[in-house]
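**Q** Build me a model from this:
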Amino acid sequence: MLPSKKLHKFWSGKRVLLTGHTGFKGSWAAAWLMQMGAKVHGFALAPETEPNLHDLLDLSYQSETIADLRDRALVVDMVNNIKPELVLHMAAQPLVRRGYREPVETMATNIMGTAHLLDALRDCETVSGILVVTSDKAYDNDSYDQAHGDIVFREGDPLGGRDPYSASKGCQEIVARSFEQSYFRARNIPLVTARAGNVVGGGDWSEDRLMTDIIRAAANGKAVELRNPGTTRPWQHVIEPVAGYLMYLQEAVEGNTAVPALNFGPKESHTVQHVTRLVLDAWGSNSETAHRTSAEASKEARTLALDSSLATTTLSWQPRLDLETCVQWIVDWHKAHLDGQNMHAITEAQISSFESMMDTK
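**A** Numbers count the residues shown, from 1 in each chain. Below you'll find the predicted structure:
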């Protein structure tokens, strides 16, 4: 893993365009970038929830544009004004069940929004590297039809998706690759994509978020309602893939890797039921779990797992937080929030703790 000092040296002072900065993962990325001295410009929709991590952190952005990637002219104006050096594209409609309800909006944001951004960047003379964040759900997953799946996705596996969200992420990969080959390769500008597993962490209040649902139930002494307790996912703390994204783009820009796409996932996947029990125990709750059926739950893939060995070989990236530690960090974060503590300081402290782990072989 890159030493944190090398990461700081590269990102300090860089003019970074971060799309999706108001979201959960984007807020964690922005906090870390600013902690390293990067000049971060955000572009995203307004936060959807109250509370939300973006407002709690109250970060000092160089500029913030609250707007929609589907507005092509506005995206072009934003890129021309910022003139970014590095781009982390995290903005997306990230919810599977919302994708079922709003398929056209999901595809417009995830596919055409990405196309709008990359089209604007192809004429940007200052940009030196672009990373597009997609999803582990970009892969063609056949485990819908299996009672017990054993699929571990690798970067060369077919892209696809039976539900609208997954299809949009597979298409996002194809769009990114076409722009890389058609425009950016000739200019020697790396454009890479990153596929992460199920990301969890402090401050995620989006709908259908397992950790938040568990903690809300535990704090109120209610039962935790689970749509699909036997579903297996590659749960990982948000800081793990964000570290991978930052390392990946740095190594690509510095010419140390030409790998076009990488997976970032934990060493093991676990069931929803197992994760729920860990969170309740860490919280000190006696809450029970209940199975809540839904039409969409039966359509979700039972098993998802990622092979991240290429990221380990390419970047020396590897997960640092085991599931128990990940859960404890989330519980600590949310208890601090309920206690009214400074969440900017709490978040920065967890980032600093992770950096110490990065420096430990």
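**Q** which parts of the helix or strand hosting residue 333 are buried?
**A** Using DSSP states H and E, residue 333 sits within helix 323-338. Neighbour counts over helix 323-338 (16 or more other C-beta atoms under 10 Å) mark 323, 326, 327, 328, 329, 330, 331, 333, 334, 335, 336, 337 as buried. For every residue, glycine as well, the C-beta is placed using N, CA and C.
**Q** May I ask you to confirm that the second one is in contact with residue 236?
**A** Spelled out, that is residue 326. Yes. Under the criterion of C-beta atoms under 8 Å, residue 326 makes contact with residue 236 at 6.9 Å.
**Q** quick one: stretch 24-33 to chain centroid distance?
**A** Stretch 24-33 sits 10 Å away from the centroid of its parent chain (C-alpha atoms, centre = their mean, to the nearest Å).
**Q** Alpha carbons of it, as CSV, please.
**A** Extracted C-alpha coordinates of stretch 24-33, given in CSV (Å, rounded to 0.1, in the frame of the first residue of the first chain):
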residue,chain,number,x,y,z
PHE,A,24,-21.9,9.6,1.5
LYS,A,25,-18.8,8.3,-0.3
GLY,A,26,-18.1,11.7,-1.9
SER,A,27,-18.1,13.4,1.5
TRP,A,28,-15.6,10.9,2.9
ALA,A,29,-13.4,11.4,-0.2
ALA,A,30,-13.6,15.2,0.1
ALA,A,31,-12.7,15.1,3.8
TRP,A,32,-9.6,13.0,3.1
LEU,A,33,-8.6,15.1,0.1
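**Q** what residues does that stretch touch?
**A** By C-beta atoms under 8 Å, 6 or more residues apart in numbering, the residues outside stretch 24-33 that reach it are 11, 16, 18-21, 40, 42, 44, 53-54, 57, 59, 61, 88, 90-91, 133, 199, 201, 203-206, 238-239, 241-242, 245-246, 344, 347-348, 351.
**Q** So which of those residues are in helices?
**A** Here DSSP state H is the test, and the contacts of stretch 24-33 give 11, 53-54, 57, 239, 241-242, 245-246, 344, 347-348, 351 as lying in helices.
**Q** Quick one, which of these are buried?
**A** The buried subset of the ones in helices among the contacts of stretch 24-33 - by 16+ other C-beta under 10 Å - is 11, 53, 54, 57, 239, 241, 242, 245, 246, 347, 348, 351.
**Q** before we move on, back to that, tabulate the buried residues of helix 323-338 (a markdown table), appending distance to residue 312.
**A** Putting the buried residues of helix 323-338 into a markdown table (distance: C-beta to C-beta, whole Å) gives the following:
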| residue | distance to residue 312 |
| --- | --- |
| 323 | 18 |
| 326 | 18 |
| 327 | 23 |
| 328 | 24 |
| 329 | 22 |
| 330 | 24 |
| 331 | 28 |
| 333 | 27 |
| 334 | 31 |
| 335 | 33 |
| 336 | 32 |
| 337 | 33 |
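**Q** Please enumerate the helices of the chain.
**A** All helices of the chain, identified by DSSP H, fall at 4-11, 24-35, 53-57, 72-82, 96-101, 103-107, 113-121, 164-179, 210-220, 239-253, 272-283, 309-315, 323-338, 343-358.
**Q** Need these in JSON lines (columns: mean pLDDT).
**A** Output for the helices of the chain, formatted as JSON lines (pLDDT from 0 to 100):
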{"stretch": "helix 4-11", "mean pLDDT": "95"}
{"stretch": "helix 24-35", "mean pLDDT": "98"}
{"stretch": "helix 53-57", "mean pLDDT": "98"}
{"stretch": "helix 72-82", "mean pLDDT": "98"}
{"stretch": "helix 96-101", "mean pLDDT": "92"}
{"stretch": "helix 103-107", "mean pLDDT": "97"}
{"stretch": "helix 113-121", "mean pLDDT": "98"}
{"stretch": "helix 164-179", "mean pLDDT": "97"}
{"stretch": "helix 210-220", "mean pLDDT": "88"}
{"stretch": "helix 239-253", "mean pLDDT": "98"}
{"stretch": "helix 272-283", "mean pLDDT": "94"}
{"stretch": "helix 309-315", "mean pLDDT": "96"}
{"stretch": "helix 323-338", "mean pLDDT": "97"}
{"stretch": "helix 343-358", "mean pLDDT": "97"}
